[in-house]
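*Asks:* okay, here's the prediction I keep looking at, along with the sequence it came from:
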Amino acid sequence: MGQHRIPVRRIQPRYCSNLANTRVTSRERRTTVNKFKTQLASGPSFQDFIKGVSVIRTHAADGEYSDTHGYLSQELEMGNSRKVYFETYGCQMNVNDTEIAWSILQRRGYERTVDLNEADVVLLVTCSIREKAEQTIWNRLQQLKAMKRKRLKTRTPMKIGILGCMAERLKTDLLEQEKLVDVLAGPDAYRDLPRLLTVADGGQQASNVLLSLEETYADIMPVHHAPQGYSAFVSIMRGCDNMCSYCIVPFTRGRERSRPVSSILEEVRMLSDQGVREVTLLGQNVNSYRDTSEQFCGSDPTQLSRGFKTVYRTKQGGLRFSDLLDRVSRIDPDMRIRFTSPHPKDFPDEVLHLIAERGNICKQIHLPAQSGSSQVLKAMRRGYTREAYLDLVKNIKRIIPEVSLSSDFISGFCGETEDDHQQTLTLIREVGYNVGFLFAYSMRKKTHAYHRLQDDVPAEVKQRRLEECISVFREEAARVNTALIGSTELVLVEGESKRSAEDLCGRTDGNMKVIFPKQDVAAQAPESDAAPINAGDYVLVKILSANSQSLRGRALSHSSLRGTDTTMIETCP
Ligand code: 5AD
Ligand code: SF4
């Protein structure tokens, strides 16, 4: 899993809220809270605690949904224009989850604020992947606690919620340790947020950390929210069945499940209509996608990458990633399609040929290796050897010669020797990635490694090996990027460069950042007048210099994906 930081622009939600956006008076609030207290006092019935009975989910014809509980009325679960402030930590899935959680709360009459001081509800969307990620949240909680205490008594009390992986990992321990946390919602419990916040409003702590086998939030169109950029993320699957021995994700995000293809296509069509120029398909194991809804059940055996195996029993049938990618990429030939984060085991030739042939699927593949040593890979339970991984890289480069590769590596895993580490360095050199995400191993409770292996590489050795990996990565990335000098790249413009208002910034097909001076350039043929360059435009940029992080160049002309495409794409009606 890698972290791609691509800005998303503010996009209007698909549905219309029919809730009045008026602030409630404190008298109205008191009445509501009193009513709530009365209802709580009469208490939920036994039925309310039986799964599938207490929550009646109704799907209305227009795609709106509503959750009703036997003991809390819809009216009580309304936000009443209270202001919610979100803080998102960790991977792109969390960015997407934030928008899902917001979408749910917005429908219930909450408002969103970007000013923490204005917030009535503060929700932290958390990450547990490494100790450091959790430490950041603990520190933040201390600051928020201080804010909560200082809040004027005349204002409604501030509520703090922990959402996502950390809520799932620590469960009610978090509530006990952090008395000022009011709400806990695991990654599959965001639909329950309005109820949880209502319970918290009545002065009680509220928690839902149930994992689901089905939840994909397929019917909830996230409100893509970012000030600039023409990119959006579309979640296509959730969870992970791989059980790599070091990883907490299967425990915090649960079993793998895929969102039905029809709802993904609907969201991408909507984004295309709104002018979005780049969509990134998201999932913990995005290329393990498998829509097994009735329509696509079947018994075709799964094709894995050659030399790769899974820890779980082979799955069969369903509509696979190549089918989805094919359909998504046909929606709008001028829309770039990316995906993250894939697992190397799910790259059969079919997927690679599709990427090679389809002009709007970016020739960029994230291929998390984790280690260059077969011995360490075995201890990590990754299901492949160094040789199988390098064969896959060779196969990818054969089928997609212009491919850009990125990767994740962990330094200092249990039992990693100096020789294993050297093998990681040689693998990084041999592959030639242009982007890398490198981490020191951080032991996580519950994992196989925690129970069965020794975290025996001293912290300073982990750190030194990590630094060596980073420096080899930088050298290689600089070499790969320097090879682009003199070429002309199709760049999707993101906006002004952060460093200078005189420059623009955008990304190549290979996801490399390109900086170039702001100037008017020739419009696409047949027009020849010069036109200004705006965010969301495609421009051809001549690359003039490069380092390990970015490219610099000069814009030549406006262009389009179709204009530079070598293959014809049939579009869906
Ligand atoms: N320690 C360090 N890095 C980890 N990752 C996952 N679990 C751990 C851990 N316990 C890394 C892997 C994964 C990326 C998202 O985080 O490299 O691909
Ligand atoms: Fe974690 Fe491995 Fe699943 Fe990635 S594939 S989320 S590293 S268990």
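*Replies:* On my side now, so go ahead. Ligands and ions are numbered 1, 2, ... in the order given.
*Asks:* up against ligand 1, what does the stretch 151-300 of the chain have?
*Replies:* 246, 247 (C-beta under 6 Å from any ligand atom). Just so you know, the C-beta spots here come from the backbone N, C-alpha and C atoms, and that holds for glycine as well.
*Asks:* per-residue pLDDT of the closest residue to residue 158 other than its chain neighbours, please?
*Replies:* Distances taken as C-beta to C-beta, 6 or more residues apart in numbering place residue 148 nearest to residue 158, at 4.8 Å, with adjacent residues excluded. Per-residue confidence (pLDDT) for residue 148: 90.
*Asks:* report the buried residues of the helix or strand where residue 148 lies.
*Replies:* Applying DSSP states H and E as the criterion places residue 148 in helix 131-150. The neighbour-count check on helix 131-150 (16 or more other C-beta atoms under 10 Å) flags 133, 134, 136, 137, 140, 141, 144, 145, 147, 148 as buried.
*Asks:* coming back round to it: now the residue nearest to residue 158: how far from residue 312?
*Replies:* 44 Å (C-beta to C-beta, to the nearest Å).
*Asks:* same check on residue 94?
*Replies:* Distance, residue 94 to residue 312, by C-beta to C-beta: 25 Å.
*Asks:* also residue 151?
*Replies:* For residue 151, the distance to residue 312 - C-beta to C-beta - is 49 Å.
*Asks:* and residue 166, that's in a helix?
*Replies:* Yes: according to DSSP: H, G, I helix; E, B strand; the rest coil, residue 166 belongs to a helix.
*Asks:* can you tell me which residues contact the closest residue to it other than its chain neighbours?
*Replies:* Spatial nearest neighbour of residue 166, excluding adjacent residues (C-beta to C-beta, 6+ apart): residue 126 at 3.6 Å. If a contact means C-beta atoms under 8 Å, 6 or more residues apart in numbering, then residue 126 has 89, 90, 94, 133, 134, 137, 162, 163, 164, 165, 166, 167 as its contacts.
*Asks:* just curious, which of those is nearest to ligand 2?
*Replies:* residue 165 (10.7 Å; C-beta to the nearest ligand atom).
*Asks:* I'd say the closest one and residue 254 touch.
*Replies:* No: counting by C-beta atoms under 8 Å, residue 254 is not a contact partner of residue 165; they are 10.6 Å apart.
*Asks:* the two: which has the busier surroundings?
*Replies:* residue 165 (29 against 22; other C-beta atoms under 10 Å).
*Asks:* using the three-state scheme, assign the residue in the stretch 401-550 of the chain positioned nearest to ligand 2.
*Replies:* As assessed by C-beta to the nearest ligand atom, ligand 2 sits closest to residue 408 within the stretch 401-550 of the chain, at 7.8 Å. Of the three states, residue 408 takes strand under three-state DSSP.
*Asks:* which parts of the stretch 301-450 of the chain are strands?
*Replies:* Ranges of strands in the stretch 301-450 of the chain, per DSSP state E, counting those that start in this stretch, are 319-320, 336-340, 364-366, 404-411, 435-440.
*Asks:* tilt between the last one and strand 404-411?
*Replies:* Per axes from the mean of the first three to the mean of the last three C-alpha atoms, to 10 degrees, the angle that strand 435-440 makes with strand 404-411 is 10 degrees.
*Asks:* mind checking how far strand 435-440 is from the chain centre?
*Replies:* 17 Å (C-alpha atoms, centre = their mean, to the nearest Å).
*Asks:* who are the packing partners of that strand?
*Replies:* Packed against strand 435-440 by the contact rule (3 or more C-beta pairs under 8 Å, 6 or more residues apart in numbering; DSSP states H and E) you find strand 404-411, helix 459-482.
*Asks:* which one, of these, ends up nearest to ligand 1?
*Replies:* Of these, nearest to ligand 1 by C-beta to the nearest ligand atom is strand 404-411, at 3.4 Å.
*Asks:* mean confidence score for that closest one?
*Replies:* 98.
*Asks:* could you check the angle that strand makes with helix 459-482?
*Replies:* 170 degrees.
*Asks:* ok, residues contacting strand 404-411?
*Replies:* Contacts of strand 404-411 (C-beta under 8 Å, 6+ apart): 1-2, 246, 363-371, 380, 393, 396, 421, 424, 428, 431-441, 462, 465-466, 469, 480, 509-512.
*Asks:* check stretch 439-454 too.
*Replies:* 128-132, 169, 243, 245-248, 251, 379-381, 408-416, 455, 457, 459, 462-463, 465-466.
*Asks:* does that stretch reach ligand 2?
*Replies:* No: using C-beta under 6 Å from any ligand atom, stretch 439-454 never reaches ligand 2; the gap is at least 8.8 Å.
*Asks:* now do the same end-to-end measure for that stretch.
*Replies:* 18 Å (C-alpha to C-alpha, to the nearest Å).
*Asks:* just the closest of the contacts of residue 126 to residue 102, please.
*Replies:* Residue 102 lies nearest to residue 163 out of those, by C-beta to C-beta, at 10.7 Å.
*Asks:* that closest one in helix, strand or coil?
*Replies:* Residue 163 ends up strand, using three-state DSSP.
*Asks:* give the contact list for residue 524.
*Replies:* 557, 558, 559, 560, 563.
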